[in-house]
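Peer 1: everything below, folded, please.
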Amino acid sequence: SHERYLSNPEERRIYHSSMADYYLGIWAARPKPFQYSEQQRRMFNIESAESEADRKVPAQPLIFTISDATATVSTTPTVRYNLRKLSELPYQLIRSQREDDLYKNVLFNYDFMHAKLSCMPLNLCIFDYESALEFFFDKEVRLVSDALRLSSSVLASDPNNLICQVIGRLFPFYETCHKIASLIDQCESTGLQVMGLVPAFNTLASPGGPLVYSLEAHAFAVYGLEVISSGQSLLTVSNRFIVFDLSSGDIVRIIDPRIEGIMTYLALAPDQRYCVTTTISNQYIICSLLTGDFILRDYQPTGGNTTKTNSKTNTGQPTEPLLGAHTSNTHFVLWTAKMYQVYTNKGISFRY
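Peer 2: Numbering: from 1, shown residues only. Model (predicted):
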């Protein structure tokens, strides 16, 4: 079908442009011009080839608001986002090579950005900017894309913070980049309907510097991290295991062992199938990175796996606190200031 209908680049661009017109709602509630063919003119005895007609094209708002007839004044109307428009319009405008419409209605349009962030993952919004850059490079598109990536952790939790992030990061470019200036103006006018806190100055890190994005998901300090999956993901530990996607900053997996305190050391197996961590409570955790299963055990200096011994002082501190760990594909070792102990990757004591 692609070879039959879309092999001609110009025809393909026209088809994409027509689809873009549909999602833009250009011909909604208004007549659309068309031309009669020569055969139609002779058949219906029409003099002029030019004509127009209302094609009953539906409007394409970003948000459909449904009001209940029985609702009271204080009842909030039901909001449904136009998912097809939010996903299709950028695609059609990019492939129809309509740069100006793409910038005006999508990439530098506050209402479109806020609606898409409210109903879709942030990486899909960033994907629109990255796709545009594949067809035509624009410095301002790159700046907004990088600003959204820097704000990923904040926008993922609350899209209404878009105003603060855009102005706080892009304000230095207001005088030199007119499309960014237009976006900031929209934030300061339309955006006030959802967020009243508007920065007056450049309060956040601007794009273009060494910081790409921040990974903010841990409630406590991170005491261990490792790059995994051939450089595609980052494993971090605090009181939970959290794996981030390094290409987007999104959270891939959260493993919560429900420990008291935090983990203090992380050791990753060479084949990256499992890892071992130690905690401030003198426990060790064996976690499978393939399945998410984990084994949590108290460290026993005597080498026993089940026998409980008094390994803490009167102050509650362990007499032999774990200082670190090291792993191979089949075994791992834990050590204190006085001794070390070897285990299999299933947690069975092997030698001490």
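Peer 1: burial of Arg286, as a residue count?
Peer 2: Rather than Arg, residue 286 is Ile. Neighbour count for Ile286, taken as other Cβ atoms under 10 Å: 21. Bear in mind the C-beta positions are built from the backbone N, C-alpha and C, glycine included.
Peer 1: which residues touch Pro207?
Peer 2: Neighbouring residues of Pro207 by Cβ atoms under 8 Å, 6 or more residues apart in numbering: 142-143, 145-147, 149-150, 169-170.
Peer 1: for Tyr36, same thing?
Peer 2: 44, 46, 48-49, 51.
Peer 1: which of the contacts of Pro207 fall within helices?
Peer 2: Among the contacts of Pro207, the members falling in helices (DSSP state H) are 142-143, 145-147, 149-150, 169-170.
Peer 1: and the contacts of the longest helix anywhere in the chain?
Peer 2: Across the chain, the longest stretch assigned as helix under DSSP H is helix 9-24. Applying Cβ under 8 Å, 6+ apart, the contact partners of helix 9-24 are 5-6, 27, 57, 60, 84-85, 88-89, 92-93, 95-98, 101, 105.
Peer 1: do you know how far the nearest residue in space to Phe294 that is not next to it in sequence is from Val243?
Peer 2: Nearest residue to Phe294, sequence neighbours excluded (Cβ to Cβ, 6 or more residues apart in numbering): Cys287, at 4.2 Å. Per Cβ to Cβ, to the nearest Å, Cys287 is found 11 Å from Val243.
Peer 1: cool, and Leu89?
Peer 2: If you measure Leu89 against Val243 using Cβ to Cβ, the figure is 33 Å.
Peer 1: list the contacts of Ser145.
Peer 2: The contact partners of Ser145, taken as Cβ under 8 Å, 6+ apart, are 126, 129-130, 133, 207.
Peer 1: out of those, which are buried?
Peer 2: With burial judged by 16 or more other Cβ atoms under 10 Å, the buried subset of the contacts of Ser145 is 126, 129, 207.
Peer 1: give me the distance from the strand or helix carrying Thr65 to the chain's centre.
Peer 2: In the assignment (DSSP states H and E), Thr65 maps to strand 63-66. Chain-centre distance of strand 63-66: 25 Å, with Cα atoms, centre = their mean, to the nearest Å.
Peer 1: got it, and stretch 191-206?
Peer 2: Its chain's average C-alpha position is 21 Å from that of stretch 191-206, according to Cα atoms, centre = their mean.
Peer 1: repeat that for stretch 96-108.
Peer 2: Worked out by Cα atoms, centre = their mean, stretch 96-108 lies 22 Å from the chain centre.
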